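*Asks:* turn this into a model:
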Amino acid sequence: MDVRVEIAREAGQELVDAFGRLLPQLSSRAEPLDHEAVERMVTSDATTVLVARTVDGIAGTLTLALLPLPSGLRGRIEDVVVDSAARGQGIAGLLIQEALRIAEEAGAHTVDLTSRPDREAANRLYERLGFHARRSTVYRVEGYPADPAGKPLTALDANR
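*Replies:* Numbering: from 1, shown residues only. Below you'll find the model as predicted:
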């Protein structure tokens, strides 16, 4: 299969439609992205959206975040998804290799990604590409509650 990995430079309808098709394959909780949301991702200085193109169109996406931190430039790979009809053909590997190349070129000290344990094939791929599980604990805050007036609270407000 002929696959070309490239940086998404504009939030055209093809990319918006691709996210609409692909994100539900990644997460049942994924919200549809409108043009403005895709535009924010594509034009952000912090993110690089990669797409894998085949003769049938966009078959996969990956988002690379490059974060300048006090400890140095760090990379983070997020939302790697390949269309179910195109899986098993090396597309995810090509997307990840390009993200690693971009991160290295930018001077990133590390590149992290996370994956659920039940994504066995994906986890095997990440290990083959040189990733290793860290001895770390990931913490997350989700969905801040609202105060009685309906104003969203921050994590700090919610803990008071």
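*Asks:* quick check: mean pLDDT across stretch 23-31?
*Replies:* Here stretch 23-31 scores 90 as its mean pLDDT.
*Asks:* for it, buried residues please.
*Replies:* For stretch 23-31, the neighbour count (16 or more other C-beta atoms under 10 Å) marks residue 23 as buried. The C-beta positions use only the backbone N, C-alpha and C, and glycine is treated the same way.
*Asks:* which residues sit against it?
*Replies:* Taking contacts as C-beta atoms under 8 Å, 6 or more residues apart in numbering, the residues outside stretch 23-31 that touch it are 32, 33, 79, 80, 81, 83, 84.
*Asks:* what's the first helix or strand after the longest helix seen in the chain?
*Replies:* Secondary structure assigned by DSSP state H gives helix 91-106 as the longest helix of the chain. Where DSSP states H and E defines the elements, the next helix or strand beyond helix 91-106 is strand 110-112.
*Asks:* what are the pairing partners of that next one, and which direction each?
*Replies:* strand 72-82 (parallel) (DSSP bridges).
*Asks:* ok, residues contacting the partner strand?
*Replies:* Counting by C-beta under 8 Å, 6+ apart, 22-23, 25-26, 52, 59-67, 91-92, 95-96, 99-100, 103, 106-113, 122 sit against strand 72-82.
*Asks:* please apply the same query to stretch 51-58.
*Replies:* 1-8, 14-15, 18, 22, 59-61, 82, 86, 91, 94-95.
*Asks:* report the buried members of those residues.
*Replies:* For those, buried by 16+ other C-beta under 10 Å: 3, 5, 8, 15, 18, 22, 59-61, 82, 86, 91, 94-95.
*Asks:* which one of those residues is nearest residue 44?
*Replies:* Top of the list for closeness to residue 44, among those and by C-beta to C-beta, is residue 8 at 11.4 Å.
*Asks:* all good on my end, thank you.
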